[in-house]
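Colleague: Structure for the following, please:
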Amino acid sequence: MTTPRTPDATVQLLITLIGEAAATRMMDAQAFGGGAFTFPKSDIRLGAQSFAYLAEIVGTDKAQRLCRHFDGETLYVPKMSQYFRDQRNRRIVASYSSGVTVRELMREHGLSDRQIWTILKTTDMNPAAERAHAVQESLF
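Modeller: Numbering: from 1, shown residues only. Purely as a prediction, here's the structure:
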């Protein structure tokens with residue numbers, strides 16, 4: 001079973017459960033970032049390998065905390081780069097909304113005007129709409 005979550009919600013939950021440093025290690029593409037991970041129900045039998053790998057990345061205590069919390073659930077772990085890109089895009093939209101010009105945003109973020117306009121057109125700053133979109137995606 002996979003609980004639908006936005007990448008931001010997943011990142012915030014991981015940070016709350018295990019701290020920012022361990023969550024960052026989990027979201028690294030060399031660990032779990034960009035893929036689904038099924039948390040074992042226990043650290044014995046079938047879950048032993050998964051638990052050992054998780055413990056190697058975040059530490060035994062934090063791995064146990066995650067396994068208790070998710071209890072066999074499959075979770076998509078976003079890549080840290082995607083999380084930072086989403087945060088950057090929200091900052092760009094917020095800056096533009098408060099009066100910063102596209103030219104200034106181009107210089108500040110090292111992006112082309114086309115990239116800035118695409119971000120402005122596609123980044124939704126409404127959290128309720130984002131949650132509804134995530135739920136709708138999970139239906140398909």
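Colleague: distance between the helix ranked longest in the chain and the chain's centre?
Modeller: If you go by DSSP state H, the chain has its longest helix at helix 80-97. Distance of helix 80-97 from its chain centroid, counting by C-alpha atoms, centre = their mean, to the nearest Å, is 13 Å.
Colleague: and stretch 14-33, which residues are buried?
Modeller: 14, 17-18, 22-27, 31-33 (16 or more other C-beta atoms under 10 Å). To be clear about C-beta, it is placed using only N, CA and C from the backbone, and glycine gets the same treatment.
Colleague: quick check, nearest of those to Thr74?
Modeller: Phe32 (11.5 Å; C-beta to C-beta).
Colleague: Excluding chain neighbours, what is closest to that closest one?
Modeller: Val77 (4.2 Å; C-beta to C-beta, 6 or more residues apart in numbering).
Colleague: before we move on, back to that, quick check: buried residues in the longest helix of the chain?
Modeller: Buried residues in helix 80-97, counting neighbours by 16+ other C-beta under 10 Å, are found at 80, 83, 86, 89, 91-93, 96.
Colleague: All good on my end, thank you.
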